[in-house]
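J.: Sequence and predicted structure are below.
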Amino acid sequence: MVGKWVLLAAVLSVVLASSPAAPARSAGAAWSGDWATAWGPMRLSQSGAQVVGAYAGNSGHIVGTVAGSVLTGRWHASGRRAGWVVLTLKAGGRSFSGRWSSDASPGLWSSEGTGTCTSGRCLLGAPTECTKTYVIQPSGAKIAAKVKLTDLSPASVAALRKKEEAKYAGFPYNPTGAPETRKQNCAGLVMETLFPGVVKPGNIDPDQLYKKILEPYGQQVTFRRKDDVVVYVDGFGVAKHVAIVESSPVLGATKILTKDGDERPYTAELPNRFFTTLLSNDPLVQAHAGTQGRVEVWRIDRSKFKIEEVSSGQCDQPAAGAAPAPAPGTFTLVPGLTTVSNPNSNELTITPDPTGQGIDDHTGANGGAGNAGDWKVEYHWAVPTTLVAGKTAAIYLQIRVDSEDPPQPNGYQTTVYAPDFAQALPCHYPEQQACSKTFAYAVSPGQAGQPQIEVSVHMLSAEVDFFYRPAGK
């Protein structure tokens, strides 16, 4: 991988613990598909958190796992070159940027390169939102919060700013200094203020807050105080907007904190406490209560209930440096148990790594006219670092014929074996100078109770055996 990324490989999971510093992780993403990159066409395949693939040029392979939108790992290219790589999906999930380093200069990273999806799953893009679920006890009612994974573009912010300025002109609304964002709406702001540390930034239907918390556990009030909730109800009895009271002096105006949709948060004055009806020309009253609605102020009794997060789905991201609990039936590769049987050691040099290789150098003393000629063939593989019973894992095989003298028809093959699984990759020279394939290994659910799983890669008369043990044991 000198001068350009013609071959890439990415390995993660166990390998990440010893990897060099890399860019920070972000939201989740899908990598399967064909990519046009500065280093040639690239094809990636994602199964769960693992990604394998190859791209044009010197013929190489990719194997790895994904954390958020970041793919980190190792690349392998012909000539026994290898190193680390970090790719990060951009907003929308249809392009990425990345850097690589070489084992020859491990502290030196390349300049940034890019890739763009041209076909496949990656064209669907990365998810733009996920859902957190909160449960209210003792009622058991649930409130859903939509968490936006992408934010407003600069152009959208500029357009929204103009609308805000026109909307609040002449009224006592003052921006707090926080920017416009689609990652939190009015009810999300109120909920996070009322339940700090429990409710995270998100977009919550204000009517859910109204019907599931305020009405069951609160009461309407006339004289307001800090942390009361202001509700803007339309003519059909639906809460369309909420705000929270910051202060309410006896003789002065009530100060509220409000955020209308994607707008900036504002502090504002609520219309007189005896005049919270539809007669107000206040912009929030007009926008959300209208001429048939009303404005209510509620005070909740937090001693009567509690709220807790029960499900985050895609929103769950492991904390930096923290390892998520393994799924049931998870097996982890134990590198110290790897074994090599190599009767061809006089010409076959094996690197028994999860992203390893075997170089068959049948030249010099091993070749010549008396030994069927000269040839040099590379066998590459990438096996997972984790297997999960009942799930599918990707196993990558590749053969590359570097040279053959005299050129003549020849067949080469590498094979991978695992419980209830056997797949071969043949390569017919000279029609094919390089062959590769990613195989889907469906790990049987019955393997969950086994003490170990063995995966074996064979080439010539040699084999490399990888052993996986139950995670945490």
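T.: Cool, the structure landed.
J.: Could you use CA atoms for every contact and neighbour count after this?
T.: OK.
J.: Let me know the outermost residue of the chain.
T.: Gly370 (55.5 Å; CA atoms, centre = their mean).
J.: What average pLDDT does the longest helix seen in the chain get?
T.: As far as residue count goes, and with DSSP state H defining each element, the longest helix of the chain is helix 154-168. On average, the pLDDT along helix 154-168 is 93.
J.: which of the residues in that helix are buried?
T.: Within helix 154-168, the residues that qualify as buried by neighbour count (16 or more other CA atoms under 10 Å) are 157, 160-161.
J.: Any chance of a markdown table for the residues you listed, columns distance to Thr181?
T.: As requested, the buried residues of helix 154-168 are exported to a markdown table (distance: CA to CA, whole Å):
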| residue | distance to Thr181 |
| --- | --- |
| Val157 | 8 |
| Leu160 | 10 |
| Arg161 | 11 |
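J.: where in the stretch 51-200 of the chain is pLDDT low?
T.: Counting by pLDDT under 70, the stretch 51-200 of the chain contains low-confidence residues at 56-60, 68, 78-80, 106-107, 125-127.
J.: what about 90?
T.: In the predicted model of the stretch 51-200 of the chain, residues 51-132, 147-156, 197, 200 satisfy pLDDT under 90.
J.: mind listing the strands for it?
T.: With strands called from DSSP state E, counting those that start in this stretch, the stretch 51-200 of the chain shows them at 61-67, 70-77, 81-89, 95-102, 105-109, 113-119, 129-137, 141-148, 173-175.
J.: now those as a markdown table including distance to Pro335?
T.: Rendered in a markdown table, the data for the strands of the stretch 51-200 of the chain read as follows (distance: least, CA to CA, whole Å):
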| stretch | distance to Pro335 |
| --- | --- |
| strand 61-67 | 16 |
| strand 70-77 | 16 |
| strand 81-89 | 19 |
| strand 95-102 | 22 |
| strand 105-109 | 22 |
| strand 113-119 | 32 |
| strand 129-137 | 36 |
| strand 141-148 | 39 |
| strand 173-175 | 57 |
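J.: And the chain, what are its domain boundaries?
T.: Here the domain parsing of the chain from automatic domain parsing is 1-127, 129-313, 325-473.
J.: just these: most buried one?
T.: The highest mean neighbour count among those, using mean count of other CA atoms under 10 Å, belongs to domain 1-127: a mean of 20.
J.: still on that earlier bit, check for me that the residue farthest from the centre of the chain belongs to a strand.
T.: No. Assignment of Gly370 by DSSP: H, G, I helix; E, B strand; the rest coil gives helix, placing it outside any strand.
J.: let's number from 53 now, not from 1
T.: In the new numbering, first residue 53, that becomes Gly422.
J.: can you tell me which of the strands of the stretch 103-252 of the chain comes nearest to Ala239?
T.: Smallest distance to Ala239 across those (CA to CA): 9.4 Å, for strand 193-200.
J.: State the distance from Thr274 to Ser513.
T.: As defined by CA to CA, to the nearest Å, Thr274 lies at a distance of 87 Å from Ser513.
J.: Now do the helices in the stretch 303-452 of the chain.
T.: Along the stretch 303-452 of the chain, the segments classed as helices by DSSP state H, counting those that start in this stretch run 335-336.
J.: Restrict stretch 344-359 to CA atoms and write it as PDB.
T.: Once side chains and other backbone atoms are set aside, the C-alpha atoms of stretch 344-359 remain, and they are given as PDB (Å, rounded to 0.1, in the frame of the first residue of the first chain):
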ATOM      1  CA  GLN A 344     -59.700  27.800  19.700                       C
ATOM      2  CA  GLY A 345     -57.000  26.500  22.100                       C
ATOM      3  CA  ARG A 346     -55.700  27.400  25.500                       C
ATOM      4  CA  VAL A 347     -52.500  27.700  27.600                       C
ATOM      5  CA  GLU A 348     -52.300  25.700  30.800                       C
ATOM      6  CA  VAL A 349     -49.600  25.600  33.600                       C
ATOM      7  CA  TRP A 350     -49.000  22.300  35.400                       C
ATOM      8  CA  ARG A 351     -47.100  21.400  38.500                       C
ATOM      9  CA  ILE A 352     -46.000  17.700  38.900                       C
ATOM     10  CA  ASP A 353     -45.500  15.800  42.100                       C
ATOM     11  CA  ARG A 354     -42.300  13.900  41.400                       C
ATOM     12  CA  SER A 355     -42.700  11.900  44.600                       C
ATOM     13  CA  LYS A 356     -45.600  10.000  43.000                       C
ATOM     14  CA  PHE A 357     -43.700   8.400  40.100                       C
ATOM     15  CA  LYS A 358     -40.300   7.700  38.600                       C
ATOM     16  CA  ILE A 359     -39.000   7.500  35.100                       C
END
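J.: Quick one: residues in contact with it.
T.: Contacts of stretch 344-359 from elsewhere in the structure, counted by CA atoms under 8 Å, 6 or more residues apart in numbering, are 186-190, 247, 250, 265-266, 269-274, 276, 279-289, 328-330, 337, 341.
J.: Give the helix, strand or coil label for Glu267.
T.: Assigned by three-state DSSP, the conformation of Glu267 is helix.
J.: Need the pLDDT of it.
T.: For Glu267, the pLDDT comes out at 96.
J.: repeat for Asp314
T.: pLDDT recorded at Asp314 is 96.
J.: Please name the residues that touch it.
T.: When the contact criterion is CA under 8 Å, 6+ apart, the partners of Asp314 are 232-237.
J.: Gly408 too?
T.: Shown in contact with Gly408 (CA under 8 Å, 6+ apart): 402, 432-434.
J.: Looking at these, spot the one nearest Asp257.
T.: Scanning the contacts of Gly408 for proximity to Asp257, where the rule is CA to CA, the winner is Ala434, at 46.7 Å.
J.: If we ignore the residues flanking it in sequence, what's nearest the closest one?
T.: For Ala434, ignoring the flanking residues on the chain, the nearest one in space by CA to CA, 6 or more residues apart in numbering is Thr407 at 4.2 Å.
J.: for Tyr107, same thing?
T.: In space, and not counting its chain neighbours, Tyr107 is closest to Met94: 3.9 Å by CA to CA, 6+ apart.
J.: For the one you found, give the beta-bridge partners.
T.: Counting by DSSP bridges, Met94 forms beta bridges with Trp87, Tyr107.
J.: Tell me how far it lies from Glu216.
T.: For Met94, the distance to Glu216 equals 45 Å [CA to CA].
J.: go on, Ile352?
T.: Using CA to CA, one gets 31 Å for the distance from Ile352 to Glu216.
J.: go on, Val282?
T.: In this structure, Val282 lies at 20 Å from Glu216, with CA to CA as the measure.
J.: low pLDDT regions in the stretch 353-502 of the chain?
T.: Under the criterion pLDDT under 90, the flagged ranges of the stretch 353-502 of the chain are 361-381, 384-388, 403-409, 415-425, 432-440, 443-460, 484-492, 501.
J.: Do a quick rundown of the strands in it.
T.: In chain order, the stretch 353-502 of the chain shows strands spanning 358-363, 382-385, 391-393, 400-403, 409-414, 426-434, 438-440, 444-457, 462-470, 473-481, 486-494, with DSSP E, counting those that start in this stretch as the criterion.
J.: packing partners for the third one?
T.: Yep, that's strand 391-393 we're talking about. strand 514-522 (3 or more CA pairs under 8 Å, 6 or more residues apart in numbering; DSSP states H and E).
J.: How about exporting the strand it packs on as PDB, limited to the C-alpha atoms?
T.: Coordinates of the C-alpha atoms in strand 514-522 are reproduced here as PDB (Å, rounded to 0.1, in the frame of the first residue of the first chain):
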ATOM      1  CA  ALA A 514      -0.600 -27.200   5.400                       C
ATOM      2  CA  GLU A 515      -3.300 -25.900   7.700                       C
ATOM      3  CA  VAL A 516      -3.800 -23.200  10.300                       C
ATOM      4  CA  ASP A 517      -6.300 -24.000  13.100                       C
ATOM      5  CA  PHE A 518      -8.000 -21.200  15.000                       C
ATOM      6  CA  PHE A 519      -9.700 -21.900  18.300                       C
ATOM      7  CA  TYR A 520     -12.600 -19.900  19.800                       C
ATOM      8  CA  ARG A 521     -13.600 -20.200  23.500                       C
ATOM      9  CA  PRO A 522     -16.800 -19.000  25.200                       C
END
